[in-house]
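Trainee: What follows is a predicted structure for the sequence shown.
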Amino acid sequence: MTGRVRVSSGGPWEERVGYSRAVRVGDRIWLSGCTGTLADGSVVDGIEAQTRLALDVASGALTEVGATLADAVVVRLYLIDFAEFESIHSVLRAQFGDARPAMTAVQVAALIDARHRIEIEIEAVVGSA
């Protein structure tokens, strides 16, 4: 792939704010923050479910530009309550497996929707798995 390739998930904020779900340039991919928001705008309950859905959204966007979660090299987790971090360890481990990307987890005061417990941002390099 050459040039800039953009992926849209069709989420309500992308067009309104003017961003892409993912951008690929060469073999590098930058993925915007993914949350536990369904296509109809509803948000799944609980941080584990939100983490799974956010990673499903991320995986779908990565697939569109020729990558997988195994190509992730950097993951940033933004949590509303850091006390919930331990409850998602197994979800993260299951999704990233042996890829073991660099990861940062921080507690934030708020996310774009008050129902969100977590937002996940990913950088990937195609073929690095």
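Mentor: Looks like it arrived, so ask away.
Trainee: Let me know whether residue 126 touches residue 22 as I believe.
Mentor: No: in this structure, residue 126 is not within contact of residue 22 by Cβ atoms under 8 Å, at 11.7 Å. To be clear about C-beta, it is placed using only N, CA and C from the backbone, and glycine gets the same treatment.
Trainee: Give the residues shared as contacts by the two.
Mentor: The overlap between the contact sets of residue 126 and residue 22 (Cβ atoms under 8 Å, 6 or more residues apart in numbering) consists of 29, 65.
Trainee: higher neighbour count, these two?
Mentor: Legend: neighbour count by other Cβ atoms under 10 Å for residue 126 and residue 22, higher for residue 22 (24 against 17).
Trainee: residue contacts, the more buried one?
Mentor: With contact taken as Cβ under 8 Å, 6+ apart, residue 22 is in contact with 6, 7, 29, 30, 31, 32, 61, 62, 64, 65.
Trainee: next one: residue 24
Mentor: Going by Cβ under 8 Å, 6+ apart, residue 24 touches 1, 4, 5, 7, 65, 66, 67, 126.
Trainee: which one of those sits closest to residue 117?
Mentor: residue 7 (24.3 Å; Cβ to Cβ).
Trainee: so what's that closest one scoring on pLDDT?
Mentor: pLDDT for residue 7: 87.
Trainee: quick one: least confident helix or strand in the protein?
Mentor: helix 12-13 (a mean of 71; mean pLDDT, DSSP states H and E).
Trainee: and after it, which helix or strand comes next?
Mentor: Following helix 12-13 in sequence order, the next helix or strand is strand 22-25 (DSSP states H and E).
Trainee: Name the residues of the biggest helix by length in the chain that are buried.
Mentor: Counting by DSSP state H, the longest helix found in the chain is helix 47-64. Neighbour counts using 16 or more other Cβ atoms under 10 Å place 47-48, 50-55, 57-59, 61-62, 64 of helix 47-64 among the buried residues.
Trainee: Many thanks, I have nothing further to ask.
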